[in-house]
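Asker: next comes the sequence, and after it the predicted model I'd like to discuss.
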Amino acid sequence: MPRRNRPGRGRSGAAERPDAGTVSGWARSESAPDGDWLVRTVPGSQAAKTYRCPGCDHEIRPGVPHLVVWPADETGGVADRRHWHRPCWEARARRRPNRRW
């Protein structure tokens, strides 16, 4: 008889679900002339919403890999997170944010 790949009785499913930080990757710290930042890579498979990149003012569509960046100091919170295209983040020192109102 074939083996069944089912969790055993009495085990909770929460222990089998990966932590959100594990799925999306932990943030790494970066220091630059514009400050200290925490940077997290978001793979395309985890990108579910549309965001606007502050570097180029273009949309980051669902399914597109990108970065989430926020200040590394205590004042940086959820409201301070920004979603960037990787090339825009890497070029931020060479150009200013481009917001069209």
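Answerer: Here it is on my side, so go on.

Asker: so what's the backbone phi/psi at residue 86?
Answerer: Backbone torsions of residue 86, given as degrees, to the nearest 10, read phi -60, psi -50.

Asker: surely it meets residue 66?
Answerer: Yes - taking contacts as Cβ atoms under 8 Å, residue 86 lies within contact range of residue 66: 6.7 Å. Just so you know, the C-beta spots here come from the backbone N, C-alpha and C atoms, and that holds for glycine as well.

Asker: comparing the two, which residue is more hemmed in?
Answerer: Shown here are residue 86 and residue 66; by other Cβ atoms under 10 Å, residue 66 has more neighbours (21 against 14).

Asker: who does the more buried one form a beta bridge with?
Answerer: Beta-bridge pairing for residue 66 (DSSP bridges): residue 42.

Asker: contacting residues around it?
Answerer: Contacts here follow Cβ atoms under 8 Å, 6 or more residues apart in numbering; on that basis residue 66 touches 42, 47, 51, 53, 60, 83-86.

Asker: list the ones among these that fall in helices.
Answerer: residue 86 (DSSP state H).

Asker: check the contacts of residue 66 and tell me the two furthest apart.
Answerer: 51 and 86 (13.3 Å; Cβ to Cβ).
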